[in-house]
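Chemist: Coordinates for the following, if possible.
(one chain, ligands or ions: 1)
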Amino acid sequence: MNSLLQTRGLTLKFGGVVAAESIDFDLKAGERLAVIGANGAGKTTFINMVTGYIKPSAGKIMFDGVNITGMHPRQIVLQGIGRSFQLPQLFTEHTVRQSIELAVAARQGPLSMLRPMSKCVERDEIDHVLSVVGLSQRADDHCDSLPEGHRKLLDVAMALVLRPKLLIMDEPTSGVAADEKHPLMATIMNALSEQNVTAVFVEHDVDIVREYATRVAAWISGRIAADGSPETVMNDDEVRTVVLGH
Ligand SMILES: Nc1ncnc2c1ncn2[C@@H]1O[C@H](COP(=O)(O)OP(=O)(O)OP(=O)(O)O)[C@@H](O)[C@H]1O
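Modeler: Now for the predicted structure:
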């Protein structure tokens with residue numbers, strides 16, 4: 001099967017620091033890839049290059065047959081790569097429903113902003129996405145009143161209404177209470193499955209990785225040191241020593 005996402009020779013240097021060292025990487029549609037690595041290993045740098053927030057010094061990024069290297073983040077969203085953030089970027093003065101409405105309007109293009117909101121939004125779709133991420137009961141709450149887990153879910157919901165083929169999530173369970181991590185990930189993964197969205201997520205919690213990833217890539221010093229099934233990668237000697245601290 002062809003790769004949905006492919007990088008070749010992807011390199012980024014910050015002065016003397018090699019944050020990405022000639023990364024060759026392939027992701028197939030339908031995979032659930034967990035990205036693991038110690039602080040400073042280069043995980044966010046990789047995500048930032050793929051989503052257009054940083055231009056690589058060298059190398060190429062192909063997505064669904066299109067060369068997206070150096071494209072602007074908005075163009076990359078239009079190509080079908082969504083992103084959620086470690087610290088969700090929400091419209092704090094808006095309600096949950098209004099936030100989803102804005103995401104739908106963004107998908108519909110700049111002219112939709114000129115029409116009355118009630119005409120340009122698709123109510124059924126919004127109700128559905130709120131239900132899928134378990135936020136129906138909080139639809140009229142302001143974003144700044146949401147607990148962290150709900151903020152993460154809203155961030156994912158806003159990314160999903162842009163209809164991505166791939167969603168890249170930076171630490172979806174960080175800042176969430178230990179007993180809420182599994183229900184949160186289960187909800188996110190169900191939502192992604194429903195829309196056939198391929199997933200990449202950066203994660204530090206080993207239990208979450210084992211439960212929700214079909215594949216793991218371990219970053220060490222700007223390179224992928226191990227890549228394969230969760231069991232294989234978690235038992236790799238270098239990963240155990242450098243990443244897991246065993
Ligand atoms: N804008 C920048 N300027 C200079 N150095 C940077 C910059 N961004 C990242 N780096 C360096 O690049 C390396 C990789 O950083 P990166 O943030 O990608 O790691 P990470 O694996 O995401 O870490 P964390 O888990 O802490 O988020 C680190 O040495 C970091 O200090």
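
Chemist: was I right about Gly80 contacting Leu167?
Modeler: No. Judged on Cβ atoms under 8 Å, Gly80 makes no contact with Leu167 at a distance of 9.7 Å. Any C-beta I mention is one placed from the backbone N, CA and C, and that applies to glycine too.

Chemist: So between those two, which is more surrounded?
Modeler: Using other Cβ atoms under 10 Å, the more surrounded residue of Gly80 and Leu167 is Leu167, with 24 against 19.

Chemist: and the more buried one, what element?
Modeler: Leu167 is part of strand 166-170 when elements are defined by DSSP states H and E.

Chemist: quick one, helices of this structure?
Modeler: With DSSP state H, the ranges of helices along the chain come out as 43-50, 73-79, 96-108, 117-120, 123-132, 148-160, 178-194, 206-212, 230-234, 237-238.

Chemist: who touches the first one?
Modeler: Right, helix 43-50. For helix 43-50, the surrounding residues in contact (Cβ atoms under 8 Å, 6 or more residues apart in numbering) are 5, 7, 10, 12, 19-20, 23, 35-37, 53-56, 61, 63, 68, 76, 81, 83, 168, 170, 200, 202, 219, 222.

Chemist: what about it, near the ligand?
Modeler: Yes. Contact between helix 43-50 and the ligand, assessed by Cβ under 6 Å from any ligand atom, occurs at Lys43, Thr44, Thr45.

Chemist: From the residues you listed, keep the buried residues only.
Modeler: Taking 16 or more other Cβ atoms under 10 Å as the criterion, what is buried in those is Lys43, Thr44, Thr45.

Chemist: Please report how far the first one lies from Val197.
Modeler: Distance of Lys43 to Val197, computed by Cβ to Cβ, to the nearest Å: 20 Å.

Chemist: From the contacts of helix 43-50, list just the buried residues.
Modeler: Counted by 16+ other Cβ under 10 Å, the contacts of helix 43-50 give 5, 7, 10, 12, 19-20, 23, 35-37, 54, 56, 61, 63, 68, 76, 81, 83, 168, 170, 200, 202, 219, 222 as buried.

Chemist: circling back to that earlier point, could you export the helices of the chain to a markdown table, including columns for distance to Leu27?
Modeler: What follows is the helices of the chain, written out as a markdown table (distance: least, Cβ to Cβ, whole Å):
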| stretch | distance to Leu27 |
| --- | --- |
| helix 43-50 | 10 |
| helix 73-79 | 14 |
| helix 96-108 | 23 |
| helix 117-120 | 34 |
| helix 123-132 | 23 |
| helix 148-160 | 17 |
| helix 178-194 | 14 |
| helix 206-212 | 16 |
| helix 230-234 | 15 |
| helix 237-238 | 22 |
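
Chemist: Those: lowest mean pLDDT?
Modeler: Of all those, helix 117-120 carries the lowest average pLDDT, namely a mean of 55.

Chemist: can you give me the end-to-end distance of stretch 89-97?
Modeler: In stretch 89-97, first residue to last residue: 15 Å (Cα to Cα, to the nearest Å).

Chemist: Next, the buried residues of that stretch.
Modeler: Here stretch 89-97 shows Leu90, Phe91, Thr95, Val96, Arg97 as buried, counting by 16+ other Cβ under 10 Å.
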